[in-house]
Structure formats: C-alpha cells, structure tokens
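Engineer: here are the coordinates; sequence isn't available:
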Ligand SMILES: [Zn+2]
C-alpha cells in the first residue's frame, strides 16, 4: 500500500482517482463542477463525489433502498450537520440557495458534504482519518486542485484529516484558507 501519510503521495493518488471519475462521467459538465476525493489514511479506501445534482444522484444510488427515503435521510443529515456550529452554522437559506462562496451554490450543493455523508453514514468512519482533496477540470481537459470553497472551508478542515489543510495551503496558497 502506498504511504498515505505523505502529502505528495496522497495528492497523486487523489489526482489519479479524480481522473478516473471524470473519465467515466457522462453527466453534463460545467466550469464549477468539482470532484472531491477523500482518501483514508488507515485503509486503501477512496471516496469521490461530484458537486451538484450528479453527486447527489450517485449518493442516493449508493445509499440504496427506497429512493425518497434515501433522499430524505441524506438531505436531513447534511442539513442538520451544516446548521450545527461544527458544520458552519449555516441558515436553511444558505444551505439550500446561496451562502459565502463565489459560485453561488448553497452549502449543501458542493461535493464535500456528499463525501462527508458517505464517510460518516455509509461507511460509519471517522472523517478525521480521511484527507479531502478536491479537483476541477480545465477547459483543455486537465485537472487542477480546487480548494474547498468559502462555504466548505467553514467546516472541512475541522472534520477531515489535517493534511487536507496542509495540501490546500501548499497547492492553493494562503488564499485557500481564508474564511
Ligand atoms: Zn464547497
């Protein structure tokens, strides 16, 4: 197993995982489409989700069972989390419609909350053992590191492994950590 405590190794693993996810993607693209990859540092598990509707659809499928039940379980848990102090103290409107991020999506619509739900509720794992590394696809097809947005920064670094913040600083600069 590759060394999952080395930030350079982790970045390469996450980049490769994101490439696979984008290559297999048949949903509509847009400039703000993010693929958030989380790597476990205690196993070889990887979790990856897109932002927006494609990520949500995939998460509903993974939870399985009755579709409406899965949707309400996911939406309920993510909403309760994002309303909590540890989840960023978002209001219901900020969660649904628009909060702090330039992209103008509600806090729920990013890729990171879907990864959080998968890690905590599907895998019943501690996010502190997972490193969050999000990517965006350039027009030319290459992937670039895409630090958590201003919505996600309110909670991502406090929940996922500290290497998430270290990588954000190294790859995105100090601006990637600004509230
Ligand atoms: Zn975000």
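Structural biologist: Thanks, I have the structure now. Just so we're clear, the structure is a prediction, and the values are computed from it rather than from any experiment.
Engineer: okay, CA-based contacts and neighbour counts for the rest of this
Structural biologist: Noted.
Engineer: which residues does the most centrally placed residue in the chain contact?
Structural biologist: Centroid-nearest residue in the chain: residue 112, 2.1 Å away (criterion: Cα atoms, centre = their mean). By Cα atoms under 8 Å, 6 or more residues apart in numbering, residue 112 lies in contact with 36, 49, 51, 132, 148, 152, 156.
Engineer: For the helix or strand containing the first one, name the packing helices and strands.
Structural biologist: This points to residue 36. Element membership for residue 36 (DSSP states H and E) is strand 34-40. Contacts defined by 3 or more Cα pairs under 8 Å, 6 or more residues apart in numbering; DSSP states H and E place strand 34-40 against helix 7-23, strand 46-50, helix 111-117, strand 130-137.
Engineer: for these, which one sits closest to the ion?
Structural biologist: Nearest of those to the ion, taken as Cα to the ion: helix 111-117 at 6.3 Å.
Engineer: Please report how far the most far-flung residue of the chain relative to its centre lies from residue 88.
Structural biologist: Most distant residue from the mean C-alpha position of the chain: residue 66, 24.3 Å away (Cα atoms, centre = their mean). Counting by Cα to Cα, to the nearest Å, the gap from residue 66 to residue 88 is 30 Å.
Engineer: what stretches of the chain score poorly on pLDDT?
Structural biologist: Applying pLDDT under 70 to the chain flags the ranges 1-2, 29-31.
Engineer: just checking, residue 80 is part of a helix?
Structural biologist: Yes. Applying DSSP: H, G, I helix; E, B strand; the rest coil, one finds residue 80 inside a helix.
Engineer: quick one on the thing from earlier: rebuild the helices and strands packed on strand 34-40 as JSON lines, extending it with distance to residue 79.
Structural biologist: Listed next are the helices and strands packed on strand 34-40 as JSON lines, based on distance: least, Cα to Cα, whole Å:
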{"stretch": "helix 7-23", "distance to residue 79": "26"}
{"stretch": "strand 46-50", "distance to residue 79": "18"}
{"stretch": "helix 111-117", "distance to residue 79": "10"}
{"stretch": "strand 130-137", "distance to residue 79": "20"}
